[in-house]
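Visitor: Pasting the sequence and the predicted coordinates here, then a few questions.
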Amino acid sequence: MEKFEKLTGIAAPMPLVNIDTDMIIPKQFLKTIKRSGLGVNLFDEMRYDDNGEEIPDFVLNKPQYREAEILVAGDNFGCGSSREHAPWALKDFGIRCVIAPSFADIFYNNCFKNGILPIALPQDQVDVLMKDAEKGANARITVDLEEQTVTMSDGDSFAFEVDSFKKHCLLEGLDDIGLTLEKVGAIDTFEARASAERPWV
Amino acid sequence: MSPKTLYDKIWDAHVAHEADDGTCLLYIDRHLVHEVTSPQAFEGLRMTGRTVRAPDKTIAVPDHNVPTTAGREDPKNMTEDSAIQVAALDTNARDFGIHYYPVSDVRQGIVHIVGPEQGWTLPGMTVVCGDSHTATHGAFGALAHGIGTSEVEHVLATQTLIQRKGKNMKVEITGKLAPGVTAKDITLSVIGKTGTAGGTGYVIEYCGEAIRALSMEGRMTVCNMAIEGGARAGLIAPDEKTFEYIKGRPHAPKAAQWEAAMNWWKTLYSDDDAHWDKVVTIKGEDIAPVVTWGTSPEDVLPITASVPAPEDFEGGKVGAAKRSLDYMDLKPGTPLNEIEIDTVFIGSCTNGRIEDLRAAAEILKGKKIKDGMRAMVVPGSGLVRAQAEEEGLADIFKAAGFEWRLAGCSMCLAMNPDQLSPGERCAATSNRNFEGRQGRGGRTHLMSPAMAAAAAVTGKLTDVRELM
């Protein structure tokens, strides 16, 4: 997995609550057996009209946000289905960090498996970042995972919380499965005991 | 011993390893797999030379993008990309030696209907699937939730998940339900009250007299939509109804193992003085038949109400409501029962079981759907379909003017050809009314099977109690 240490990039404002995974990547693009290539269809139904032409008003179609690497969004980002195609599409487009007041659980988890950092901040701080992002390409935000800070273009910064294990994996770009398999002895022991206690499982 | 919730008990029984920082490896008893969220996971195993640790605990079935029309066993009758995903699942199931119900098998169906039907889902288990509606299995007192594809690969390789424990939330539905009010109305009403993020970070236990009175199928409907309330998992303590439902199913324990299992299952309840981080109580008598008006499952109102105005809300929801009303082409103040529809979809993992079809058929008996209406019933599994045919329900649906389809997820997420066209408006028994969910530009109103049947007859959203 790609590491996430520190990122300075353009933040795109999406001041909408409940941005769901059907919005992020509509189902017609889930018929792939690959993880790559979904960026072109990120936010497809908001981004393109019925003829497949770009809708100029959509934030990621605006010249100043086409290279955005950070999204600032409303409450409950990523609600809906478990499709990991949502973070795959974000990543493929170039988004490495999403900042919102809250995230849906499954989406939040899926981000960490793909080198994307989701940051939950209080509404008033997200409001400030949203305003900053609305300034356009001049407003670069710096996200420092090691320090757990988000710093705006004017130097003001906010601290954020992140689970220590998830932080470690993201900083180092670690493969979860490899880490778990180091504990295979514990799994073997558990499995033997559980199958003695609950043989019907 | 300190008192525990049901979630605490199941969690404690499945921790295979706990790190100093509290990160756990949770052992998984059942892993359900479908064609859309698994190909990349199996590919990951191949690329790293890993294998499936517990193929006997891994069950696969194609459901999300399979057509629901005749002749689908022939890949030529699928779109090319769907056929590739289904063929990939065929190959992966065979290569890795996991249990499999192919499209041609009468037991094929929606993964969350097949699991309980075949007796794979049992009380006290941990159940995962790369699908957010895995919460359905919580109806059996199992800890069941959706996972992403990376986690699918993790479970395939290690039979565990890296997890931190969630918080405990109790949702109590007291008293009795009024006539015409169903499990779907309960679960939608809970989301209407708590919001789509109200359960984020929690595991919900549904309890109370109205929940106890539900059948197992109704309980599955309630738990199914826990995720729409933000909770990864919802569960209901097992009781005699649970045990009765499970007994004799193909993969349920038998003989001495049944007795041993029962001894443990009977300990699976929340202790009286267990700690709850959040409690929500709703009176069963206060729940009405409901529909959704917007594009979030929290946009729930009784059918007797009117379309709200954006100013009725606060904060970010004002803008969201305005956007929803634009998308749904609805004007504030319009009575909900005057909203005309052109499509009816009965099916999905929320409401595709035999009792759902019975409830809809009861309303449709001797009636015709409104002229010009497109209406379809998509049974949740081949076995549900067969039973409905045996009971004469299929004849009622067909006589009323419904299409009688083969099993699958169908128009719930519209990955297969069953889709809404832009501007079409659907009364649906499924679980999500998001923008574009049933097809780009399509408009979805969620409701119970009986309410959807009533809407098919009248051509508009309808209070089912008027047809009872």
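Guide: Nice, thanks for sending it over. Numbering: from 1, shown residues only, chains lettered A, B, ... in the order given.

Visitor: quick one: the strands in the stretch 151-300 of chain B?
Guide: Assigned by DSSP state E, counting those that start in this stretch, the stretch 151-300 of chain B shows strands spanning B:160-163, B:167-174, B:202-207, B:233-235, B:278-283, B:290-292, B:300-302.

Visitor: Against which helices or strands is the second one packed?
Guide: Contacts defined by 3 or more CB pairs under 8 Å, 6 or more residues apart in numbering or on different chains; DSSP states H and E place strand B:167-174 against helix B:183-194, strand B:202-207, helix B:209-212, strand B:278-283. For glycine as for every other residue, the C-beta is placed from the backbone atoms N, C-alpha and C.

Visitor: I'd like the distance from that strand to the chain centre, please.
Guide: Computed by CA atoms, centre = their mean, to the nearest Å, the chain-centroid distance of strand B:167-174 equals 19 Å.

Visitor: do the last one as well
Guide: Averaging C-alpha coordinates over strand B:300-302 and over its chain gives two centres that are 20 Å apart (CA atoms, centre = their mean).

Visitor: partners of it, with directions?
Guide: The strands that strand B:300-302 pairs with in its sheet are strand B:290-292 (antiparallel) (by DSSP bridges).

Visitor: Now the strand or helix carrying B:Arg323: buried residues?
Guide: Assessed by DSSP states H and E, B:Arg323 sits inside helix B:316-328. For helix B:316-328, a neighbour-count test (16 or more other CB atoms under 10 Å in any protein chain shown) marks B:Gly316, B:Lys317, B:Ala320, B:Ala321, B:Arg323, B:Ser324, B:Leu325, B:Tyr327, B:Met328 as buried.

Visitor: which of those sit farthest apart?
Guide: The two members of the buried residues of helix B:316-328 with the most space between them (CB to CB) are B:Gly316 and B:Met328, at 18.1 Å.

Visitor: can you dump the C-alpha coordinates of the helix holding B:Arg323 into CSV?
Guide: The C-alpha atoms that make up helix B:316-328 are tabulated as CSV, following Å, rounded to 0.1, in the frame of the first residue of the first chain:
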residue,chain,number,x,y,z
GLY,B,316,-26.6,21.1,6.5
LYS,B,317,-29.9,19.3,6.1
VAL,B,318,-31.6,22.4,4.8
GLY,B,319,-29.4,22.3,1.6
ALA,B,320,-29.7,18.5,1.4
ALA,B,321,-33.5,18.7,1.6
LYS,B,322,-33.6,21.3,-1.1
ARG,B,323,-31.4,19.2,-3.3
SER,B,324,-33.6,16.1,-2.6
LEU,B,325,-36.8,17.9,-3.4
ASP,B,326,-35.3,19.1,-6.7
TYR,B,327,-34.1,15.7,-7.6
MET,B,328,-37.4,14.1,-6.6
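
Visitor: Tell me which residues are up against the helix or strand following that helix.
Guide: Counting by DSSP H and E, the element after helix B:316-328 in chain order, helix or strand, is strand B:343-347. By CB atoms under 8 Å, 6 or more residues apart in numbering or on different chains, the residues outside strand B:343-347 that reach it are B:352, B:356-357, B:360, B:369, B:373-380, B:402, B:405, B:410-412, B:418, B:420, B:424-430, B:438, B:449, B:452-453, B:455-456.

Visitor: Could you confirm whether the helix or strand following strand B:343-347 reaches chain A?
Guide: Scanning forward in sequence from strand B:343-347, with DSSP H and E defining helices and strands, the next element found is helix B:348-351. No. Where contact is defined by CB under 8 Å from any CB of the partner chain, no part of helix B:348-351 touches chain A; the two come within 12.0 Å at best.

Visitor: Skip ahead from helix B:348-351 and say which helix or strand is next.
Guide: Scanning forward in sequence from helix B:348-351, with DSSP H and E defining helices and strands, the next element found is helix B:354-364.

Visitor: Can I get the helices and strands packed on strand B:167-174 in JSON lines including distance to chain A, mean pLDDT and mean neighbour count?
Guide: Conversion of the helices and strands packed on strand B:167-174 to JSON lines gives the following (distance: least, CB to the nearest CB, whole Å; pLDDT from 0 to 100; neighbours: other CB atoms under 10 Å in any protein chain shown):
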{"stretch": "helix B:183-194", "distance to chain A": "11", "mean pLDDT": "98", "mean neighbour count": "26"}
{"stretch": "strand B:202-207", "distance to chain A": "9", "mean pLDDT": "98", "mean neighbour count": "27"}
{"stretch": "helix B:209-212", "distance to chain A": "23", "mean pLDDT": "98", "mean neighbour count": "18"}
{"stretch": "strand B:278-283", "distance to chain A": "15", "mean pLDDT": "98", "mean neighbour count": "15"}
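
Visitor: Arrange those in a markdown table, one row each, with distance to B:Leu161 as further columns.
Guide: Converted to a markdown table, the helices and strands packed on strand B:167-174 look like this (distance: least, CB to CB, whole Å):
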| stretch | distance to B:Leu161 |
| --- | --- |
| helix B:183-194 | 25 |
| strand B:202-207 | 14 |
| helix B:209-212 | 27 |
| strand B:278-283 | 23 |
